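J.: Provided below are the primary sequence and the corresponding predicted coordinates.
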There are 2 protein chains.
Amino acid sequence: MHKKPLILITNDDGITAPGIRTLIKVMNTIGDVIVVAPDSPQSGMGHAITIDTTLHCKQEHIDDGPQTEYSTSGTPADCIKLAVREIIGRKPDLCVSGVNHGSNSSINVIYSGTMSAAIEAGIEGIPAIGFSLLDYSWEANFEPIEAFIKSITTKVLEKGLPHGIVLNVNFPKLEKDAIKGFKICRQANANWVEEFDKRKNPQGKDYYWLTGKFVNFDKGEDTDEWALKQGYISVVPVQFDLTAHHFIQQLNTWSLDD
Amino acid sequence: MHKKPLILITNDDGITAPGIRTLIKVMNTIGDVIVVAPDSPQSGMGHAITIDTTLHCKQEHIDDGPQTEYSTSGTPADCIKLAVREIIGRKPDLCVSGVNHGSNSSINVIYSGTMSAAIEAGIEGIPAIGFSLLDYSWEANFEPIEAFIKSITTKVLEKGLPHGIVLNVNFPKLEKDAIKGFKICRQANANWVEEFDKRKNPQGKDYYWLTGKFVNFDKGEDTDEWALKQGYISVVPVQFDLTAHHFIQQLNTWSLDD
């Protein structure tokens, strides 16, 4: 009989978010589950880590089930570090992060706490997947995507992932029957065009809210944005070697030491 | 006569840090300088952005010189967004970030607020360079690297950078004559092995400090770690398309929809 895999779950919307509760429910059908997640929302935290302040960690019982759960005062990346070094004391067989309430496709991968947790796990040498649903609502319906989460997770446990690569999986906001299946993609060349909402506080001092419009500059039919628009689940293999290897040769012609 | 380039400066150690004061001094000899930097240290912030709270921004006069300066309550990435959309109202000709007090070589690029500011500028289509000195001390000596900062900045203004690429420049902690010059590198495969310092607060509750040991697994002589050890300035071209393009073909054989 096979030993059940040990699965570490985290997210960036906080331990009580419906998205992570869905992920726990699905992972309980696959392996032994340990949850180490932020005690409050950490969206937009990117790959932040906590070095200037202390970290707290507390066992939780949020809903019934065989999983063990801990909340921490840290960022998603901190949660992975704490889980591996202090709480579990060894590498789990898999790390899954999410399900994020909202898209982490294209350039959003850079700002995403959900994906930074998956990347942190990847840095530690743990196979990892970040899941996101294209619905920002706290009341988002995760039921249509449960079977898909199970099938890709099972596949990653079976096949493994090469060192240095984690998966970024985004789901369209569709009913189950309308989802066309998985599509392997590249990150679209898209970004946010910011618009700051400038206001005055009651004392007359200016302040700003960051808002913005998402703009896709990429007409390619091999991108995550294209796949999601067509009703597919986008799967982007993500790496954390940021070197632009293709530019090294040209940079060597610059004669910087002259 | 050429028009002077408009140079945007930011950092993650805060607007009063000696590292950014050095960068301002050097950039004042090259172009018109505008500084938009965090009002307090933001180290380890990765690519965090501020979406759950408001941003403040205030004009500053910290030391004499022709530069215009603003401090903000935001992260390094926020500073770039605020500068481009609100303060300058257009793209500067160049963005430089730093000089960071401490290394941003190898995997540190992922956690670095200094580099996330440069990357944010790159996303906006602005040529950008992040500078870091391998000395964490607030009293670090930046004088030996001033001429090198000027020469590579001038080169980037002359040559430009392809869209999607920014430079990550790290300086060894050496006297000027001991620095061997620039070396174009790839990001070393290295990471932090965390050790949490577990303590009890006066009320008897556990808390943690994140500490760790940097471990370089990479024996390559083309890496930033190798170059810095040999006394070179490492220059790594960094991209923010995180797609692991080389793994797409293999992932397509996984039959995820079966």
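T.: Noted; the coordinates are in hand.

J.: Quickly find the element holding A:Thr211.
T.: A:Thr211 belongs to strand A:206-216 when assigned by DSSP states H and E.

J.: Kindly report the same for A:Asp78.
T.: Going by DSSP H and E, A:Asp78 is in helix A:76-82.

J.: partners of the helix or strand just after that helix in the sheet?
T.: Per DSSP H and E, the first helix or strand lying C-terminal to helix A:76-82 is strand A:94-101. Using DSSP bridges, the strands paired with strand A:94-101 are strand A:6-10 (parallel), strand A:128-133 (parallel).

J.: Looking at those strands, which is nearest to B:Val96?
T.: strand A:128-133 (31.6 Å; CB to CB). Bear in mind the C-beta positions are built from the backbone N, C-alpha and C, glycine included.

J.: What residues of the helix or strand that the closest one is followed by count as buried?
T.: Once the chain leaves strand A:128-133, the next helix or strand it forms, by DSSP H and E, is helix A:146-159. For helix A:146-159, the neighbour count (16 or more other CB atoms under 10 Å in any protein chain shown) marks A:146, A:148-149, A:152-153, A:155-156 as buried.

J.: between helix A:146-159 and strand A:6-10, how big is the angle?
T.: 130 degrees (axes from the mean of the first three to the mean of the last three CA atoms, to 10 degrees).

J.: just the helices in the stretch 151-258 of chain A please.
T.: All helices of the stretch 151-258 of chain A, identified by DSSP state H, counting those that start in this stretch, fall at A:224-229, A:248-251.

J.: Name the stretch among those that sits most buried.
T.: Highest mean neighbour count of the helices of the stretch 151-258 of chain A: helix A:224-229, a mean of 22 (counted as mean count of other CB atoms under 10 Å in any protein chain shown).

J.: If you drop the residues flanking it in sequence, what lies closest to A:Asn168?
T.: For A:Asn168, ignoring the flanking residues on the chain, the nearest one in space by CB to CB, 6 or more residues apart in numbering or on different chains is A:Val236 at 4.4 Å.

J.: Repeat that for A:Gly231.
T.: A:Lys180 (4.6 Å).

J.: Tell me which of the helices of the stretch 151-258 of chain A sits nearest to chain B.
T.: helix A:248-251 (4.7 Å; CB to the nearest CB).

J.: and that closest one, does that touch chain B?
T.: Yes - judged by CB under 8 Å from any CB of the partner chain, helix A:248-251 comes into contact with chain B through A:248, A:251.

J.: That helix packs against which elements?
T.: Counting contacts by 3 or more CB pairs under 8 Å, 6 or more residues apart in numbering or on different chains; DSSP states H and E, helix A:248-251 packs against strand B:233-239.

J.: roughly how far is the strand it packs on from the heart of the chain?
T.: 11 Å (CA atoms, centre = their mean, to the nearest Å).

J.: what sits up against that strand?
T.: Residues from elsewhere that reach strand B:233-239 (CB atoms under 8 Å, 6 or more residues apart in numbering or on different chains): A:242-244, A:247-248, A:251, A:256, B:105, B:109, B:115, B:118-119, B:122, B:145, B:148, B:152, B:164-172, B:179, B:181-187, B:224-225, B:227-228.

J.: 6 Å instead?
T.: Contact with strand B:233-239 is made by A:242-244, A:247, A:251, B:105, B:148, B:164-171, B:182-185, B:187, B:224, B:227-228, as judged by CB atoms under 6 Å, 6 or more residues apart in numbering or on different chains.

J.: And stretch A:202-217, by the same measure?
T.: Against stretch A:202-217 from outside (CB under 6 Å, 6+ apart): A:188-190, A:192-199, A:201, A:225, B:51, B:54-56.

J.: Out of those, list just those in strands.
T.: Members of those lying in strands (criterion: DSSP state E): A:190, A:192-199.

J.: which of those are close to chain B?
T.: Filtering those for neighbours of chain B using CB under 6 Å from any CB of the partner chain leaves A:194, A:196.

J.: what residues are up against the residue nearest to A:Ile9 when sequence neighbours are not counted?
T.: Distances taken as CB to CB, 6+ apart place A:Val35 nearest to A:Ile9, at 4.7 Å, with adjacent residues excluded. The neighbourhood of A:Val35, defined by CB under 6 Å, 6+ apart, consists of A:9, A:67, A:69.

J.: Out of those, which end up buried?
T.: Buried among the contacts of A:Val35 by 16+ other CB under 10 Å: A:9, A:67, A:69.

J.: okay if I get those as JSON lines plus pLDDT?
T.: Compiled in JSON lines, these are given as follows (pLDDT from 0 to 100):
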{"residue": "A:Ile9", "pLDDT": "98"}
{"residue": "A:Gln67", "pLDDT": "96"}
{"residue": "A:Glu69", "pLDDT": "97"}
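
J.: I'd like those residues written out as TSV, with distance to A:Cys79 added.
T.: Output for the buried ones among the contacts of A:Val35, formatted as TSV (distance: CB to CB, whole Å):
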residue	distance to A:Cys79
A:Ile9	10
A:Gln67	15
A:Glu69	12
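
J.: of those residues, closest to chain B?
T.: So of the buried ones among the contacts of A:Val35, ranked by how close each gets to chain B (CB to the nearest CB), first place is A:Glu69, at 16.9 Å.

J.: does the helix or strand encompassing that closest one come close to chain B?
T.: Take DSSP H and E as the rule and A:Glu69 turns out to sit in strand A:68-72. No - with CB under 6 Å from any CB as the criterion, chain B is not reached by strand A:68-72; the gap is at least 8.9 Å.

J.: Could you pull out the buried residues of stretch A:166-185?
T.: For stretch A:166-185, by 16+ other CB under 10 Å, it's A:166-174, A:179, A:182-185.

J.: Can you verify my assumption that A:Phe93 contacts A:Pro5?
T.: For residue A:93 the amino acid is Asp, not Phe. Yes - using CB atoms under 6 Å as the test, A:Asp93 is close enough to A:Pro5 to be in contact (3.9 Å).

J.: tally of neighbours for the residue nearest to A:Lys200 when sequence neighbours are not counted?
T.: Nearest non-adjacent residue to A:Lys200, counting by CB to CB, 6+ apart: A:Asp206, 6.1 Å away. Residues lying near A:Asp206 (other CB atoms under 10 Å in any protein chain shown) number 14.

J.: how near is A:Asp206 to B:Ile87?
T.: Separation of A:Asp206 from B:Ile87 (CB to CB, to the nearest Å) stands at 12 Å.

J.: cool, A:Glu86 as well?
T.: 42 Å.

J.: which parts of the stretch 1-150 of chain A sit against chain B?
T.: So the stretch 1-150 of chain A meets chain B at A:44-49, A:51, A:54-56, A:81, A:85-86, A:109-111, A:123 (CB under 6 Å from any CB).

J.: Please name every helix or strand in contact with the helix holding A:Asp78.
T.: Helix A:76-82 is packed against helix A:113-123, with contacts defined by 3 or more CB pairs under 6 Å, 6 or more residues apart in numbering or on different chains; DSSP states H and E.

J.: Would you mind pulling the contact partners of the helix it packs on?
T.: When contacts are defined by CB under 6 Å, 6+ apart, helix A:113-123 is touched by residues A:10, A:12, A:42, A:45-47, A:76-77, A:80, A:95, A:97-98, A:100, A:104, A:109, A:128, A:130, A:166, A:168, A:240, B:191.

J.: Likewise for stretch A:104-112?
T.: Against stretch A:104-112 from outside (CB under 6 Å, 6+ apart): A:44, A:46, A:114-115, A:132, A:168, A:170, A:187-188, A:190-191, A:224-225, A:234, B:47, B:49, B:240, B:242.

J.: change it to 8 Å
T.: Under CB under 8 Å, 6+ apart, the answer for stretch A:104-112 is A:12, A:44, A:46, A:100, A:114-115, A:130, A:132, A:134, A:168, A:170, A:187-192, A:216, A:218, A:223-225, A:228, A:234, A:236, A:238, B:47-49, B:77, B:119, B:123, B:240, B:242.
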